[in-house]
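Enquirer: I'd like to go over a predicted model; first the sequence, then the structure.
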Number of protein chains: 2
Amino acid sequence: MTLLSTSPTDAASSAFATGAAYMDGAYVPLSEARIPVTDWGYRRSDVVYDVASVWDGAFFRLDDHLKRFRASMEFARLVPRETDAEIREILHKLVALAGLREAYVAMDCLRGRPVPGVQYHPKNARPYLVAYAVPFIWLMKPEVIERGAHMIIASTPRIPEASVNARAKNFHWADMTAALFEADERGADNPILLDAAGNVTEGPGYNVFCITDGVVATPDRNVLGGITRLSVLELCAELGLPCEVRDVSVDELRDADEILLSSTAGGPIGVSRLDGRILNNDRPGPLSQKIRETYWAKRKAGWHADPIDYAAA
Amino acid sequence: MTLLSTSPTDAASSAFATGAAYMDGAYVPLSEARIPVTDWGYRRSDVVYDVASVWDGAFFRLDDHLKRFRASMEFARLVPRETDAEIREILHKLVALAGLREAYVAMDCLRGRPVPGVQYHPKNARPYLVAYAVPFIWLMKPEVIERGAHMIIASTPRIPEASVNARAKNFHWADMTAALFEADERGADNPILLDAAGNVTEGPGYNVFCITDGVVATPDRNVLGGITRLSVLELCAELGLPCEVRDVSVDELRDADEILLSSTAGGPIGVSRLDGRILNNDRPGPLSQKIRETYWAKRKAGWHADPIDYAAA
């Protein structure tokens, strides 16, 4: 299979300046990356995805993202034509085409379209891969990350994993979107969603940690297996911070000394307010800051780095 | 606001033969109706929709669909530029452009895209309308409808309405898709999903009725307020069949004399098997057939009909 169906010239390269996309075999400028309105990937949100980050010219933990993406696809019975090695090559090429040193790199596998005259069933569609690289997107503005995030506990409960597997990364975000509006109305930056039993789950784009008496805890049910979450768990071990992966009740969250978020779109991010309550003198807490600083120092030093070959564009 | 931004010639009209679409102000052939890959309508499934049907050159209950679509949009805080009167005009025009006597007519309101340099929040996107008309899509093949649908009770529970409002018609279908695969693997046509408490909810594209000792019952929680469901309720009243709108347990469904589905994509559809158990001599039940026949007889006679002005194309 030939993955490169266009051979960009210098003129074409400039068309990639705002972003480069791969659509089912073809490299196109981001502005041409469009999904048919009849595609079940849109129409039934029958799609899984992943997002990797590029910082200082290198992917972070790309193999972990590729492994998770494949697991999401397998769970959803979505099999694109591309192998993991080919997807890796495509993602590298997209970043090189867009000429980005810091990038947000998304990969989606969509169900595809119903076939005329054939039984109207997802098994009869042809799944395919879409990917794109754009300038890095911060989950929150840098000044918000600096002062610490202001969070609320959302009134909308997270979709339970019995209905939609949160570990197969998906776009079922109506609960997240409702929570984002609620946070905005309550003057906060972002929400944390609970499950129906009142346990902490996650927020739109991040996992949640709470730190009490020096012990870090993060939930394991109804959450995405975040790659930055994994990094935080590893950093805790390295820093000698005891870390527990288990149910975290809303009461434990409310009483925590510190709260920390983790996201590909920003790394570990400290929280300074929860439902208006001020934590840590209205700043990210000391252990949260330690984790955040260690994370970025290690990334600068090449931790899990996979450098882009910009000549490949 | 001028809704018609293209004035199709005869040549252009032929491009609409496989379907006509309206994309945020412009009429285009269906093949050109594509959603940007970065649109939150796709990327977070931050979109509501509706589907109306055209039969024998007329819409059915179009005002009810428009009213429900507006309620879905209001719930999701999605406000397109178009008024209901304008949406009505667009939908009529799409059917006329495609030259269809029988049509499946979809209308979506999408959140839109993040705005560069502006806070990454759905409130800052510009929602917009997409609609299209294509040849009528049957929920099941006519021969399946004739022999009665073979159903299963799915093992995946429906997303609870506390997390995602089923009445605001949406594309959060991962539970439905999983159930469609399960039905296929178990040799059935389609699934019925339960809630976490074991009550009947709905299936992918239809409401569910069960009929026991001449009494019709249909659930009211965790279900879409189906337009065909409403029509069945009206037909029951007209036919003198007592009808109860209340929780329906899975045991009641399993023991029912008859099971009936209702969908815009096929009207009332009788069930002949549930989890392999044969109902009514392996055919749609007599009351289900009566409801189905009355429904189509009334539609043929112009019930709630809103004729297309084909000259408007």
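Expert: Happy to help now that I have it.

Enquirer: from here on, contacts and neighbour counts on C-alpha atoms
Expert: Fine.

Enquirer: What residues does the stretch 1-150 of chain A have near chain B?
Expert: Counting by C-alpha under 8 Å from any C-alpha of the partner chain, the stretch 1-150 of chain A comes close to chain B at A:31-37, A:41-46, A:76, A:119-123, A:139-141.

Enquirer: how about A:Ile87, what does it touch?
Expert: A:Leu66 (C-alpha atoms under 8 Å, 6 or more residues apart in numbering or on different chains).

Enquirer: That one should be in a helix, yeah?
Expert: Yes - under DSSP: H, G, I helix; E, B strand; the rest coil, A:Ile87 falls within a helix.

Enquirer: Sketch out the helices for the stretch 1-150 of chain A, chain order is fine.
Expert: A:10-15, A:40-43, A:62-75, A:84-98, A:142-147 (DSSP state H, counting those that start in this stretch).

Enquirer: As a markdown table, those helices with mean pLDDT would be great.
Expert: Formatted as a markdown table, the helices of the stretch 1-150 of chain A follow (pLDDT from 0 to 100):
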| stretch | mean pLDDT |
| --- | --- |
| helix A:10-15 | 63 |
| helix A:40-43 | 98 |
| helix A:62-75 | 98 |
| helix A:84-98 | 97 |
| helix A:142-147 | 93 |
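
Enquirer: which one of these lies closest to B:Ile291?
Expert: Smallest distance to B:Ile291 across the helices of the stretch 1-150 of chain A (C-alpha to C-alpha): 30.2 Å, for helix A:40-43.

Enquirer: helices or strands up against that closest one?
Expert: Here helix A:40-43 touches strand A:103-110, helix B:40-43, going by 3 or more C-alpha pairs under 8 Å, 6 or more residues apart in numbering or on different chains; DSSP states H and E.

Enquirer: cutoff 10 Å now
Expert: strand A:34-36, strand A:47-55, strand A:103-110, helix B:40-43, strand B:47-55 (3 or more C-alpha pairs under 10 Å, 6 or more residues apart in numbering or on different chains; DSSP states H and E).

Enquirer: nearest to A:Leu260, of those?
Expert: Comparing these by C-alpha to C-alpha, strand A:47-55 comes nearest, at 19.6 Å.

Enquirer: tilt between that closest one and helix A:84-98?
Expert: 50 degrees (axes from the mean of the first three to the mean of the last three C-alpha atoms, to 10 degrees).

Enquirer: tell me which strands and helices strand A:47-55 is in contact with?
Expert: If you count contacts as 3+ C-alpha pairs under 10 Å, 6+ apart, strand A:47-55 packs onto helix A:40-43, strand A:58-60, helix A:62-75, helix A:84-98, strand A:103-110, strand A:128-135, strand A:305-307, helix B:40-43.

Enquirer: do that again at 7 Å, thanks
Expert: strand A:58-60, helix A:62-75, strand A:103-110 (3 or more C-alpha pairs under 7 Å, 6 or more residues apart in numbering or on different chains; DSSP states H and E).

Enquirer: what residues does the first one touch?
Expert: The reference is to strand A:58-60. With contacts defined as C-alpha atoms under 7 Å, 6 or more residues apart in numbering or on different chains, strand A:58-60 is touched by A:53-54, A:304-308.

Enquirer: where exactly do the strands run in the stretch 151-300 of chain A?
Expert: Under the criterion DSSP state E, counting those that start in this stretch, strands of the stretch 151-300 of chain A are mapped to A:190-192, A:207-212, A:215-218, A:243-245, A:258-263, A:267-274, A:277-278.

Enquirer: you'd agree A:Ala313 is up against A:Ala98?
Expert: No - the criterion here is C-alpha atoms under 7 Å, and A:Ala313 misses it with A:Ala98 at 8.5 Å.

Enquirer: Give me the more crowded residue out of these two.
Expert: Each of A:Ala313 and A:Ala98 has its neighbours counted (other C-alpha atoms under 10 Å in any protein chain shown); A:Ala98 has more, 26 against 16.

Enquirer: how deep is A:Ser272 tucked in, by neighbour count?
Expert: Counted with other C-alpha under 10 Å, A:Ser272 comes out at 26.

Enquirer: what's near enough to touch it?
Expert: Per C-alpha under 7 Å, 6+ apart, neighbours of A:Ser272: A:148-150, A:278-280, A:282-284.

Enquirer: next one: A:Val200
Expert: A:193-194, A:219, A:248-250.

Enquirer: next one: A:Pro242
Expert: Applying C-alpha under 7 Å, 6+ apart, the residues contacting A:Pro242 are A:215-216, A:236.

Enquirer: Close to chain B: what parts of the stretch 151-300 of chain A are there?
Expert: Counting by C-alpha under 7 Å from any C-alpha of the partner chain, the residues of the stretch 151-300 of chain A close to chain B are A:156-159, A:162-164, A:171-175.

Enquirer: want to try a markdown table for the residues you listed, with pLDDT and neighbour count as columns?
Expert: Shown next, in a markdown table, are these (pLDDT from 0 to 100; neighbours: other C-alpha atoms under 10 Å in any protein chain shown):
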| residue | pLDDT | neighbour count |
| --- | --- | --- |
| A:Thr156 | 98 | 23 |
| A:Pro157 | 98 | 25 |
| A:Arg158 | 98 | 29 |
| A:Ile159 | 98 | 28 |
| A:Ala162 | 97 | 15 |
| A:Ser163 | 98 | 20 |
| A:Val164 | 98 | 23 |
| A:Phe171 | 98 | 25 |
| A:His172 | 98 | 27 |
| A:Trp173 | 98 | 20 |
| A:Ala174 | 98 | 23 |
| A:Asp175 | 98 | 22 |
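
Enquirer: correct me, but A:His65 touches A:Ala71?
Expert: No - contact criterion C-alpha under 7 Å: A:His65 and A:Ala71 do not qualify, at 9.8 Å.

Enquirer: Please spell out the PyMOL selection for the buried subset of the contacts of A:Val200.
Expert: The buried residues among the contacts of A:Val200 can be selected in PyMOL (16 or more other C-alpha atoms under 10 Å in any protein chain shown) with this line:
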select buried, chain A and resi 193+194+219+248+249+250
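
Enquirer: Neighbour count for A:His65 and A:Ala71, which is higher?
Expert: A:His65 (20 against 17).

Enquirer: What's the mean pLDDT across stretch A:20-29?
Expert: Averaging pLDDT along stretch A:20-29 gives 97.

Enquirer: what about that stretch, distance to the chain center?
Expert: Per C-alpha atoms, centre = their mean, to the nearest Å, the displacement of stretch A:20-29 from the mean C-alpha position of its chain is 21 Å.

Enquirer: before we move on, what about stretch A:115-124?
Expert: The answer for stretch A:115-124 is 31 Å, by C-alpha atoms, centre = their mean.

Enquirer: Run through who's touching it.
Expert: A:111, A:114, A:125.

Enquirer: Let me see the domain layout of chain A.
Expert: As given by automatic domain parsing, the domain ranges for chain A are A:10-137, A:142-300.

Enquirer: Mind checking those for the one nearest to B:Ala131?
Expert: domain A:10-137 (9.0 Å).

Enquirer: related to what we said a few turns ago, would you mind giving the contacts of strand A:58-60 as JSON lines with neighbour count added?
Expert: Below are the contacts of strand A:58-60 laid out as JSON lines (neighbours: other C-alpha atoms under 10 Å in any protein chain shown):
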{"residue": "A:Ser53", "neighbour count": "24"}
{"residue": "A:Val54", "neighbour count": "26"}
{"residue": "A:His304", "neighbour count": "15"}
{"residue": "A:Ala305", "neighbour count": "19"}
{"residue": "A:Asp306", "neighbour count": "17"}
{"residue": "A:Pro307", "neighbour count": "16"}
{"residue": "A:Ile308", "neighbour count": "22"}
